[in-house]
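Q: structure for this input, please:
(2 chains)
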Amino acid sequence: MTRSTGTKATRVMGIAVIAAMAWLALFALVLSPADVNQGESVRLLYIHVPTIWVAYLSFIVTAVSSGLYLFTKKHSLGWDRLAGASAEFGVLFVGLTLIVGAMWGRLTWGVFWQWDARLTTTAMLFVTYIGYLAVRRLGGTHQQRAKRSAVLGMLSVLLIPLVHWSVVIWRSLHQTASVLDTDGDIAMDDMMLFTLFVGVVAFTLLYAWLVIHRTRVMAMEDMVEDSALETALAERRAEGVAR
Amino acid sequence: MSTWRTAWLIAKKDLRIERRSRIITNQVVPFAGVTMIIFGFALDANTDVLELVAPGLVWLATMFSLLLLVQRTFSLESEDGALDAMRVAGVDARAIFLGKAIGLTVQLLALEVLLLFAAVILYGETIRLDGAVLLVTTLLSATCGLAAVGTLYGGLAVGNSGRETLLPLLTLPAVAPVLIGATRAVESALGTGVAELSDGWQWVSLLTVFAVAFGVGGSLAFGPLIDE
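A: Down below sits the predicted model:
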């Protein structure tokens, strides 16, 4: 039985993550220029954009692996753990996106929050997947957990477009005259664009590294639970023999 | 027995139990009424504001009551392991889902009519005749969606300890599109604020798609969700 979630591959990956993050810090904080309109606050976007990209990626991974669990004959728990691990980091990164976005909004728009379609959908995405994670912790056997959460993972895929559709028409009907440009369409210079690209690469690597480790930890947790049951059974049997 | 026939029997059974136990008339309806009154307190009994936000408050009160109704309808099933017994007896999970959802729809519709009257009386809302068709369609489509979501997550959150608190967390984000859509559609039907009657119909299409999606998705997902 392995005693660590690290392998040679993940160690190399971990070093790559550290290097990529240092690279991102260098570009985001030192080399890239301040924005003409947004000033220094533009540097927040180098976290904001990569985190939301990773969040979307992780929810797609959750949905796909939920589907793979449900619709493959083997019903492999590996897919379930991947779905769960991915959703955990999805929630983490959406949370980060919302926090960083609120800070950026305060500096640029003057408010922490705008009831804009994209923001509202993102907030709903956040709470929906918190619910998903809560369901994962309901207990039962591993297969029960896997089936329940896979179904819920698929239902969330159904829900998110409906939420998005409703907020889009809601906001388009009730668009208040706003001096703030919430499009986020900013003409960027090449250095900024490149920094964003570095951010996306760094955070994607970080996500992959985290998910691999988390999936392995989950597999170990499952093994511990199983072995605890076997130990308890063996003890009861031993009591029977002793009597 | 066909799925629909079984569903109908389950719905009839639920409604009969509710008629006899009077839990809904004695507890849920008064709760909804209290909610409408405390909304008045929260908004400082400002009739201009209340009239403007009345449709939203009606739907909020409906959703809070939905949580109670779902808990109630599934506590009936978890007592004495009735749900497990039905499954063991070979009752189709889709039929259970549809039956519970139909029962909930009927209860919710009755509640919504009462809440609308409360809005007329307490908040000075007026119901227009030319918006009646839109109003009725909205109530029907929104309620089907609410009942489907409530039944789906109710089945998951039923029974074991620690699960009841999960119900609002799962249900409220899922019914957010209904809250938005139904509120705007009722605003159009009642002519609240600047809402136009013609604006309402695009919301009804959203509500209908939502109800169909969760009706179909729910009846497929219900079996795996309640199997223990």
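Q: grab the most central residue of chain A for me.
A: A:G90 (1.2 Å; Cα atoms, centre = their mean).
Q: now the helix or strand containing that one: mean pLDDT?
A: Following DSSP states H and E, one finds A:G90 within helix A:77-108. Taken as a whole, helix A:77-108 has an average pLDDT of 92.
Q: three-state assignment of B:T208?
A: The assignment at B:T208 comes out as helix when based on DSSP: H, G, I helix; E, B strand; the rest coil.
Q: is the helix holding A:G90 positioned near chain B?
A: No: Helix A:77-108 does not reach chain B (Cβ under 8 Å from any Cβ of the partner chain); its nearest approach is 12.8 Å. Every residue, glycine included, has its C-beta placed from N, CA and C.
Q: now that helix, how far from the chain's geometric center?
A: 4 Å (Cα atoms, centre = their mean, to the nearest Å).
Q: that older thread, skipping adjacent residues, who's closest to the residue nearest to the centre of chain A in space?
A: A:S58 (3.5 Å; Cβ to Cβ, 6 or more residues apart in numbering or on different chains).
Q: shouldn't the one you found be in contact with A:L82?
A: No: A:S58 lies out of contact with A:L82 (Cβ atoms under 8 Å); the separation is 10.2 Å.
Q: shared neighbours of those two, anything?
A: Residues touching both A:S58 and A:L82 (Cβ atoms under 8 Å, 6 or more residues apart in numbering or on different chains) are A:V211.
Q: show me what from chain A comes close to chain B.
A: Residues of chain A lying near chain B by Cβ under 8 Å from any Cβ: A:124, A:127-128, A:130-131, A:134-135, A:138-140, A:144, A:147-148, A:151-152, A:154-155, A:158-159, A:162-163, A:165-167, A:169-170, A:173.
Q: could I get the contacting residues of B:F214?
A: Applying Cβ under 8 Å, 6+ apart, we find B:F214 in contact with A:L158, B:G145, B:A148, B:V149, B:L152, B:A174.
Q: secondary structure element holding the residue positioned nearest the centre of chain B?
A: Ranked by distance to the mean C-alpha position of chain B (Cα atoms, centre = their mean), the top residue is B:L146 at 4.3 Å. Here B:L146 sits within helix B:132-157, counting by DSSP H and E.
Q: how far does that helix sit from the chain's center?
A: Relative to its chain's centre, helix B:132-157 lies at 5 Å (Cα atoms, centre = their mean).
Q: now for the helix holding A:G90, which elements pack on it?
A: In terms of contacts (3 or more Cβ pairs under 8 Å, 6 or more residues apart in numbering or on different chains; DSSP states H and E), helix A:77-108 is packed against helix A:45-71, helix A:117-136, helix A:142-173, helix A:190-242.
Q: give the closest residue to whatever residue of chain A ends up closest to chain B in space, chain neighbours not counted.
A: Relative to chain B, the nearest point of chain A is A:S166 (3.8 Å; Cβ to the nearest Cβ). Among residues not flanking A:S166 along the chain, B:P177 sits closest, at 3.8 Å (Cβ to Cβ, 6+ apart).
Q: what's the burial count for that neighbour?
A: 29 (other Cβ atoms under 10 Å in any protein chain shown).
Q: kindly report the same for the one 4 residues further on.
A: By other Cβ under 10 Å, 30 other residues sit near B:G181.
Q: tell me which helix or strand it sits in.
A: Counting by DSSP H and E, B:G181 is found in helix B:176-190.
Q: now for that helix, which elements pack on it?
A: helix A:142-173, helix B:47-78, helix B:132-157, helix B:200-226.
Q: just for chain B, where's the confidence low?
A: Where chain B drops to pLDDT under 70, the residues are B:159-162, B:228.
Q: hmm, try it at 50
A: Across chain B, nothing is flagged by pLDDT under 50.
Q: show the contacting residues for A:T62.
A: For A:T62, the contacting residues are A:A83, A:G84, A:S86, A:A87, A:G90, A:Y129, A:Y132, A:G153, by Cβ under 8 Å, 6+ apart.
Q: cool, thanks, talk later.
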